[in-house]
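Undergrad: Take this sequence and fold it.
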Amino acid sequence: GSNEKVKALVLTGHPGCFTAGLDLKSLLLLDQNGIEHFWRSFHQLILNLVNLDKPIATAISGHSPAGGCVLAICSDFRIMADGKYFIGLNELAVGIPVPALIYELMAIWVGRRNAYQNLMTSKMLSPSEALEQGLVDAVLPIDGLEVKVKKDLTEVLSLAPKQWSMSKRNFRKHLEPVLTMTFEDVFSQALQNWWDPETRAILEAVVASLGRK
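TA: Alright, predicted model coming up:
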């Protein structure tokens, strides 16, 4: 964040799949220390992105479930590839409770009502639905994402950078209660719940279904 040579950040992924979300197959193999290290690292990644006072744009190049959607809602601008893709926070569908931090980040873009209903029903959105709710700013053919991101960031970077950063911090002041929560307060439920037999059964069933596709 302090590197003056870096003016903005762009997140993107492979064509057709921005990210598949958390690698559940690998995570199921970790022991208690390994899982705690993962959740701590994931929490720190979220904080690093949200607290970066430079522009962040996400070019959602395809499917973006769960962890992928989390990365997108940490950014300032999001454009998504058109197609039979989906984006959303489906943590409850795989037995993971959603922390308040994630809800508050989603609510910035889609409003509190939509965020609540999307999360509580584990709803996945098509690109057009994501655009309608405000989760993404534009939906374009996949080969147009790079040009659009560069154009949008060029316009943003033409604004006074110091004042832009000040404004971004001002607009995120309301997030301080969740951004300053300890790791234990944010992810302790997910960490404890991970070892619940019912949760393990759901996760293993999800991994098995992915293997059949």
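
Undergrad: Any stretches of the protein with poor pLDDT?
TA: Along the chain, segments meeting pLDDT under 70 span 1-2, 211-213.

Undergrad: one more time with 90, if that's ok
TA: 1-6, 20-25, 94-95, 190-192, 206-213 (pLDDT under 90).

Undergrad: which residue ranges form the strands in it?
TA: Counting by DSSP state E, the chain has strands at residues 9-12, 16-17, 56-60, 62-65, 77-81, 87-88, 124-125, 138-140.

Undergrad: quick one, which of these is nearest to Leu47?
TA: strand 56-60 (13.2 Å; C-beta to C-beta). Every C-beta, even on glycine, is put in place using the N, C-alpha and C of the backbone.

Undergrad: what's in contact with the closest one?
TA: 8-13, 18, 49, 68, 71-72, 74-81, 85, 87, 136, 145-146, 148-149, 152-153 (C-beta atoms under 8 Å, 6 or more residues apart in numbering).

Undergrad: tilt between that strand and strand 77-81?
TA: Counting by axes from the mean of the first three to the mean of the last three C-alpha atoms, to 10 degrees, strand 56-60 lies at 10 degrees to strand 77-81.

Undergrad: Let's see strand 56-60 as CSV, backbone CA atoms only.
TA: Extracted C-alpha coordinates of strand 56-60, given in CSV (Å, rounded to 0.1, in the frame of the first residue of the first chain):
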residue,chain,number,x,y,z
ILE,A,56,-9.0,-1.8,-6.6
ALA,A,57,-10.8,-3.1,-9.7
THR,A,58,-12.0,-6.7,-10.1
ALA,A,59,-12.4,-8.2,-13.6
ILE,A,60,-14.7,-11.2,-12.8
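
Undergrad: Parallel or antiparallel, list what pairs with that strand.
TA: strand 9-12 (parallel), strand 77-81 (parallel) (DSSP bridges).
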